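Novice: Need a 3D model of the following:
(one chain, ligands or ions: 2)
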Amino acid sequence: MTPFTFQASLPRVVFGPGTLQQLPAEVERLGAAKALVLSTPEQQDQAQRVAELLGARSAGVFARAVMHVPIETAREAREEARRLGADCAVAIGGGSTTGLGKAIALDSGLPIIAVPTTYAGSEMTPIYGITEGGLKKTGRDARVLPRTVIYDPRLTLSLPVDLSVTSGLNAIAHAAEGLYAHDGNPILSLMAEEGIRALAQALPALHRDPCDLQARSDALYGAWLCGVVLGNGAMGLHHKLCHTLGGSFNLPHAEVHTVVLPHAMAYNAPKAPQAMAAIARALRVDDAPLGLQQLAAELGAPTALKAIGMPADGLDRVADLAVSAPYPNPRPLERTALRALLQRAWDGSAPAP
Ligand SMILES: NC(=O)C1=CN([C@@H]2O[C@H](COP(=O)(O)OP(=O)(O)OC[C@H]3O[C@@H](n4cnc5c(N)ncnc54)[C@H](O)[C@@H]3O)[C@@H](O)[C@H]2O)C=CC1
Ligand SMILES: O=C(O)/C=C\C(=O)CC(=O)O
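Specialist: Ligands and ions are numbered 1, 2, ... in the order given. Here you go, the predicted model:
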């Protein structure tokens, strides 16, 4: 085994069906008196119920989280937290709501309790994203890592099946890139393989029966592990391509990950054979990129960028951007090969190196 360094900074986790009921005690445990509850407009009723559960410990509800955290929304939420005298925030929702909590914490240091209701994994990472003037900036900052995460699988029963599948594949992407990250290590690799395994088993089961609480629990457990990997390892080609595609063309986040991942994996496969072997083991397939694309197709997820709103004439720009700011990746970034990757992803063709 090659020498390595392992240091992880992780939130406290409360996991299991019904654990949302422990939220008031978790707020108290932080030493906080007033929590601002954050959600998207679609989950406002759920946020309201959380505020009722908090009773006197609720400062109010801010239900305006949207995808990619526009700076204007972040400023409004920070101001609302200040105006209401909140000394902590509870983010109930997916990556968009967690992201809003992070934007507040980045500026104010307010502690965040995350209550994830998708499989995006943001609650386990110190990574934030804020969009200003149409450009999304991402960064890492220890202040934005939630202090506590409550994983209550019951809250995911209402997540539509299509979003459950693509969100689960978004989580698998975190683990896949962690397995070949330049700063990876055997402990993160253990978590990554186990996270992929749990999700690969859970997604078909919850696709058959969205109310299968065991499958929902397994998926959330997998998302937790994959989120830890993302938070503690570098992102490579796949995440960078997805951020360009999502940020510049306003494509739906989890769907972009779903379509691109098999192609990014195939691109890197010749330089990351051990990672591919681990992913194939976890998926129980012979060929990791192809097996992943087949899993997505079997679960009714999109497999072509053209099907999720990507204009064909934008592919050249994405290829240009992909090579404009180099970053560590197992296989060097070659424009011609990346342009071909993007074409295959747009067409929905089989992944190829
Ligand atoms: N910083 C990080 O580490 C990460 C950040 N992200 C960010 O998260 C965002 C995407 O987050 P996602 O979770 O994919 O989607 P999302 O948070 O935007 O949610 C999508 C939709 O599903 C709804 N929803 C969520 N949970 C639900 C439930 N249980 N029942 C019914 N409806 C529900 C939401 O209200 C929203 O309308 C992107 O902006 C992405 O950049 C994603 C992964 C990691
Ligand atoms: O692409 C992902 O799933 C991971 C990270 C982000 O989305 C970064 C962000 O919060 O914008």
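Novice: Let me see the contact set for the residue of the stretch 51-200 of the chain found nearest ligand 2.
Specialist: Across the stretch 51-200 of the chain, the shortest distance to ligand 2 (Cβ to the nearest ligand atom) belongs to Gly129, at 2.2 Å. For every residue, glycine as well, the C-beta is placed using N, CA and C. Counting by Cβ atoms under 8 Å, 6 or more residues apart in numbering, Gly129 makes contact with His68, Val69, Gly99, Lys136, Lys137, Thr138.
Novice: out of those residues, who's near ligand 1?
Specialist: His68, Gly99 (Cβ under 6 Å from any ligand atom).
Novice: among the contacts of Gly129, which are in helices?
Specialist: Mapping those onto helices (DSSP state H) picks out Gly99.
Novice: which one of the contacts of Gly129 is nearest Ala56?
Specialist: Gly99 (27.9 Å; Cβ to Cβ).
Novice: residue boundaries of the helices in the stretch 51-200 of the chain?
Specialist: 71-83, 95-108, 161-179, 186-208 (DSSP state H, counting those that start in this stretch).
Novice: can you pull the buried residues of the first one?
Specialist: By neighbour count, and taking 16 or more other Cβ atoms under 10 Å as the criterion, the buried residues in helix 71-83 are Thr73, Ala74, Ala77, Arg78, Glu80, Ala81.
Novice: what's the angle between it and helix 95-108?
Specialist: Inter-element angle recorded for helix 71-83 and helix 95-108: 60 degrees (by axes from the mean of the first three to the mean of the last three Cα atoms, to 10 degrees).
Novice: Contacts for helix 71-83, please.
Specialist: 36, 38, 59-60, 62, 64-66, 86, 89, 100, 103-104, 107-108, 110, 130-132.
Novice: can you do 10 Å?
Specialist: Contact partners of helix 71-83, identified using Cβ atoms under 10 Å, 6 or more residues apart in numbering, comprise 34-36, 38, 59-62, 64-66, 69-70, 86-89, 96, 99-108, 110, 128, 130-133, 137.
Novice: Grab the CA positions of it and hand them over as CSV.
Specialist: C-alpha atoms of helix 71-83 as CSV (Å, rounded to 0.1, in the frame of the first residue of the first chain):
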residue,chain,number,x,y,z
ILE,A,71,-26.3,35.6,-4.7
GLU,A,72,-29.5,37.7,-4.4
THR,A,73,-31.3,34.8,-2.6
ALA,A,74,-28.3,34.2,-0.4
ARG,A,75,-28.3,37.9,0.6
GLU,A,76,-32.1,37.9,1.4
ALA,A,77,-31.7,34.8,3.5
ARG,A,78,-28.7,36.2,5.4
GLU,A,79,-30.7,39.4,6.1
GLU,A,80,-33.8,37.4,7.2
ALA,A,81,-31.7,35.4,9.6
ARG,A,82,-30.2,38.6,11.0
ARG,A,83,-33.6,40.3,11.2
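Novice: any residue of stretch 108-119 up close to ligand 1?
Specialist: Yes - interface with ligand 1: stretch 108-119 contributes Thr117, Thr118 (Cβ under 6 Å from any ligand atom).
Novice: that older thread, could you dump the buried residues of helix 71-83 to JSON lines with distance to ligand 2 and pLDDT?
Specialist: Formatted as JSON lines, the buried residues of helix 71-83 follow (distance: Cβ to the nearest ligand atom, whole Å; pLDDT from 0 to 100):
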{"residue": "Thr73", "distance to ligand 2": "14", "pLDDT": "98"}
{"residue": "Ala74", "distance to ligand 2": "12", "pLDDT": "97"}
{"residue": "Ala77", "distance to ligand 2": "15", "pLDDT": "98"}
{"residue": "Arg78", "distance to ligand 2": "17", "pLDDT": "97"}
{"residue": "Glu80", "distance to ligand 2": "21", "pLDDT": "98"}
{"residue": "Ala81", "distance to ligand 2": "19", "pLDDT": "98"}
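Novice: Good, we can wrap up now.
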